[in-house]
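**Q** predicted coordinates and the sequence they were generated for:
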Amino acid sequence: MRKILTLVAILAVAFQFVACNNVAEEQNKEIEAIKAEVMKVHDDAMALMGDLGSEEVRISEKVTALKADTTLASDSLTAVSIASYEVAIANIGSAKAEMMNWMNNYAEPAEDATFEEKKAFYLAEQEKVNAVMNDINATIAASKEVK
């Protein structure tokens, strides 16, 4: 009888160990999935940085040309155009800076952080990087409207 109780106790401990390992493995998979999504959005946003730069150059060239054209210098329509171009350039600069700020402030959570802490960290970063991506997309769309 004593051997049976010992065997049951050993089996219970073994099952508990296996169950804990499965939970930890599932938690790691969940964390890695959220982290992968954060990195994917980051990579997609970085791919758009070239578009932001191209739009910035395109609009800056228009401003330079308008300012250089002395026949249009006193035209109020030209002044309005230049002002709208300069706003677009400022918005592009803000979108680029927002991306750089997110990257500079990003740091992996501590290795000994709990599952809940890691999950909260990556979900917060996902929210931040999604906001950056939305701003980049909106800025590109708005800058393309500037003719």
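**A** Yep, it's here. Given the structure is predicted, the values throughout are model-derived calculations rather than measurements.

**Q** which strands and helices sit next to the helix or strand where Lys67 lies?
**A** For Lys67, the host element (DSSP states H and E) is helix 2-68. For helix 2-68, the packing partners by 3 or more CB pairs under 8 Å, 6 or more residues apart in numbering; DSSP states H and E come out as helix 76-105, helix 115-145. Backbone N, C-alpha and C define where each C-beta goes, glycine included.

**Q** dump these into TSV; add mean pLDDT as well.
**A** Shown next, in TSV, are the helices and strands packed on helix 2-68 (pLDDT from 0 to 100):
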stretch	mean pLDDT
helix 76-105	90
helix 115-145	96
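
**Q** among those, which is nearest Lys29?
**A** Lys29 sits nearest to helix 115-145 of all the helices and strands packed on helix 2-68, at 11.1 Å, using CB to CB.

**Q** torsion angles phi and psi at Thr114?
**A** phi -70, psi 170 (degrees, to the nearest 10).

**Q** just Pro109 next, same as before
**A** Main-chain torsions, Pro109, degrees, to the nearest 10: phi -70, psi 160.

**Q** neighbours of it, how many?
**A** 16 (other CB atoms under 10 Å).

**Q** next one: it from Asn130, what distance?
**A** Computed as CB to CB, to the nearest Å, the Pro109 to Asn130 distance reads 19 Å.

**Q** swap in Lys147?
**A** From Lys147 to Asn130 the distance is 30 Å (CB to CB).

**Q** which one of those two is surrounded by more residues?
**A** Higher neighbour count among Lys147 and Asn130: Asn130, with 14 against 8, using other CB under 10 Å.

**Q** in stretch 60-70, which residues are buried?
**A** Of the residues in stretch 60-70, Lys62, Val63, Leu66 count as buried by neighbour count, 16 or more other CB atoms under 10 Å.

**Q** kindly export it (C-alpha atoms) in PDB.
**A** Below are the C-alpha coordinates for stretch 60-70, written out as PDB (Å, rounded to 0.1, in the frame of the first residue of the first chain):
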ATOM      1  CA  SER A  60      10.800  71.200 -50.500                       C
ATOM      2  CA  GLU A  61      11.700  71.600 -54.100                       C
ATOM      3  CA  LYS A  62       8.300  73.200 -54.800                       C
ATOM      4  CA  VAL A  63       8.800  75.700 -52.000                       C
ATOM      5  CA  THR A  64      12.300  76.500 -53.200                       C
ATOM      6  CA  ALA A  65      11.000  77.000 -56.800                       C
ATOM      7  CA  LEU A  66       8.100  79.200 -55.600                       C
ATOM      8  CA  LYS A  67      10.300  81.400 -53.400                       C
ATOM      9  CA  ALA A  68      12.900  81.800 -56.200                       C
ATOM     10  CA  ASP A  69      10.200  82.900 -58.800                       C
ATOM     11  CA  THR A  70      10.200  86.600 -58.300                       C
END
